[in-house]
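Structure for the following, please:
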Amino acid sequence: MHKSFLFRYKLHYLIALAGFAVWMLFFDEKDYFTQQKRKKELQKLEQKIEYYKTEIAETRKQVNALDKDPAMLEKYAREKYFMKRDNEDVYIIELPNDSIQSKVE
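Okay, here's the model as predicted:
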């Protein structure tokens, strides 16, 4: 009778532990699968942070170059904003969108 008494209590603890494990794995708001999904999202966000940090560093380098060198400022204005001198003409040639899209596909 003594052995069955201990066995019964061990069985209760085992059932309670199994129930707790099932609850934590599937039904809790912080279950295993949700945690894995959040970990993937966190990794994606950290990659975005690194990408934007490098972009910010490159942009700062460009701004510093534009501040220090007037020739770079003129080049940037000509390329990005199609600015020109008084005695120059600027021609902008646009390609049809269909030919570009067919090459991309």
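
report the longest helix in this protein, please.
helix 32-68 (DSSP state H).

Okay, buried residues for it please.
Across helix 32-68, burial judged by 16 or more other Cβ atoms under 10 Å covers no residue at all. Using the backbone N, CA and C atoms, a C-beta is placed for each residue, glycine as well.

For it, give the mean pLDDT please.
Helix 32-68 comes out with an average pLDDT of 94.

ok now that helix, how far from the chain's centre?
Its chain's C-alpha centre and that of helix 32-68 lie 7 Å apart, by Cα atoms, centre = their mean, to the nearest Å.

Tell me the first helix or strand C-terminal of it.
Next helix or strand after helix 32-68 toward the C-terminus (DSSP states H and E): helix 70-81.

Which neighbouring elements make contact with that next one?
Counting contacts by 3 or more Cβ pairs under 8 Å, 6 or more residues apart in numbering; DSSP states H and E, helix 70-81 packs against helix 32-68.

Now do the helix it packs on: which elements does it pack against?
helix 70-81.

now the helix it packs on against helix 32-68, angle please.
Angle between the axes of helix 70-81 and helix 32-68 is 130 degrees (criterion: axes from the mean of the first three to the mean of the last three Cα atoms, to 10 degrees).

Please save the CA atoms from helix 70-81 in PDB.
Provided in PDB are the C-alpha atoms of helix 70-81 (Å, rounded to 0.1, in the frame of the first residue of the first chain):
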ATOM      1  CA  PRO A  70      32.100  72.900 -55.000                       C
ATOM      2  CA  ALA A  71      32.800  70.700 -58.100                       C
ATOM      3  CA  MET A  72      31.000  67.800 -56.400                       C
ATOM      4  CA  LEU A  73      28.100  70.100 -55.600                       C
ATOM      5  CA  GLU A  74      27.900  71.200 -59.200                       C
ATOM      6  CA  LYS A  75      28.100  67.600 -60.400                       C
ATOM      7  CA  TYR A  76      25.300  66.600 -58.000                       C
ATOM      8  CA  ALA A  77      23.100  69.400 -59.000                       C
ATOM      9  CA  ARG A  78      23.500  68.600 -62.700                       C
ATOM     10  CA  GLU A  79      22.800  64.900 -62.300                       C
ATOM     11  CA  LYS A  80      20.000  65.000 -59.800                       C
ATOM     12  CA  TYR A  81      18.200  68.200 -60.600                       C
END
